[in-house]
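Peer 1: coords please:
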Amino acid sequence: MAPASEIVVRHEYDRKPVWDRIRGRKSVFLDTNVWIDMADGKLDAAKPIREKLTELVGAGVLFCPLSRTIIWELFKQAKDSRLRTGGLMESLSLNACFTRPEEIFAWEFSVFLKRLASRCDEQCERHMLFVPVLGHLTSSCSLKYAADSPADYVRESSKIIFDALSRMSLTDLLKLDTEVISEFLRAAPAPPYQREAEFFRAFAKGDRDKVWTYEAAVVSKNVVEPIIKNLSASDVVTLHAFIGTAPKDKYGGILPTLMPRLPAVCNHVDVMALASEDPNRKDRPSDFYDLDMLPVPLAYADVFVSRDRRIRDMLQNRGKLLHRNRCQFFSDYAAFGDWLGNAGIA
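Peer 2: Purely as a prediction, here's the structure:
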């Protein structure tokens, strides 16, 4: 809560201009390696992909949404490369970005409850997934003023600032003095995934269901329970009714029934469970980026493209992520190019 000596003005980014630009288009999510291949022009196979994507975006057929990890990885590049890649991202994304995964997780749970109660509204629609570029940090922000600030000044200055933030494009952001951000991301410590993976392999003894159940419980505690604490009385009644009738697993829990109702949350559980199976994984910051990047586009994009071998192995050879999500996955430019060749007439 703000001190009594402050005036706080909250702002929710306006999703409507973003949605107006992308509504009715197919969504094609590209991993960072694909953006770099297309931007630097060194790989011949990527050149026709860039040309076709540019053509289809211009024709109103598709767009290539960004995410927070894609933008974060952009800041790790040298400035010239960052601006070159960022310019291409801006033109193909139409400055549309998935909002933070945590906010999408909360949105999914809200939609789940509204559907159970048969009272869906406009907040259930997919425009809630997308925000302007600065929304990759948070979909809302606040300004603070001294308590004695004139009301007209607070109102007018807030409007000017919030309008400017909403209109800021990716290249506008990249042209700011962002070396502090770049240094922070480059120096960020690697999460201790290797130690956790070793623990899970010893704990599960090859039982993938056991690892999934454990990860689901962790995600439920960290993601779902905080949401439940803030539910209205009517939503609590709806949730209890669901819990009372939902099929139970062999441990007496309902998570295998609940999680598929929350697509991105369920993907997050799957990704974390699969990650623990890799005996060769190392502790690298890029591990966090990969795991953070996957759940939302797999749930809500039409196509996901990555040339990363670890991601390809996870999606194509292990688990059920591609079977449970409608998103098509491509790991080579030839197959993706064939899809793009038909995208304009599909």
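Peer 1: residues contacting F98?
Peer 2: Counting by C-beta atoms under 8 Å, 6 or more residues apart in numbering, F98 makes contact with P65, L66, S67, R68, I104, L129, F130, V131, H136, V296, P297, Y300. The C-beta positions use only the backbone N, C-alpha and C, and glycine is treated the same way.
Peer 1: any idea how far it lies from A246?
Peer 2: Taking C-beta to C-beta, to the nearest Å as the criterion, F98 is separated from A246 by 29 Å.
Peer 1: and if you look at C97?
Peer 2: Plainly put, C97 is 34 Å away from A246 if you go by C-beta to C-beta.
Peer 1: quick one, which of those two is more surrounded?
Peer 2: C97 (27 against 15; other C-beta atoms under 10 Å).
Peer 1: shaky segments in the stretch 151-300 of the chain?
Peer 2: 177-206, 278-287 (pLDDT under 70).
Peer 1: at 80 instead, please
Peer 2: Scanning the stretch 151-300 of the chain for pLDDT under 80 picks out 175-212, 214, 250-251, 275-290.
Peer 1: hey, where'd the helices end up in it?
Peer 2: With DSSP state H, counting those that start in this stretch as the definition, the stretch 151-300 of the chain shows helices at residue ranges 151-167, 170-174, 179-187, 193-204, 208-219, 225-228, 233-245, 255-258, 263-275, 285-293, 295-300.
Peer 1: for the longest one, packing partners?
Peer 2: Using 3 or more C-beta pairs under 8 Å, 6 or more residues apart in numbering; DSSP states H and E as the contact test, the elements touching helix 151-167 are strand 6-12, strand 140-146.
Peer 1: and E102, what is it in contact with?
Peer 2: V223.
Peer 1: whoops, G319 was the one
Peer 2: Residues near G319 by C-beta under 8 Å, 6+ apart: D270, A273, L274.
Peer 1: these two touch, right, the second one and R208?
Peer 2: When you say that, I think you mean A273. Yes: taking contact to mean C-beta atoms under 8 Å, the distance of 6.9 Å between A273 and R208 places them in contact.
Peer 1: look at the two and report which has more neighbours.
Peer 2: Each of A273 and R208 has its neighbours counted (other C-beta under 10 Å); A273 has more, 23 against 14.
Peer 1: number of residues surrounding S67?
Peer 2: Around S67 there are 23 other residues, counting by other C-beta under 10 Å.
Peer 1: how about K175?
Peer 2: Using other C-beta under 10 Å as the criterion, K175 is surrounded by 13 other residues.
Peer 1: now do T238
Peer 2: Taking other C-beta under 10 Å as the neighbour definition, T238 ends up with a count of 20.
Peer 1: over to L143?
Peer 2: The criterion is other C-beta under 10 Å. On that basis, L143 has 16 neighbouring residues.
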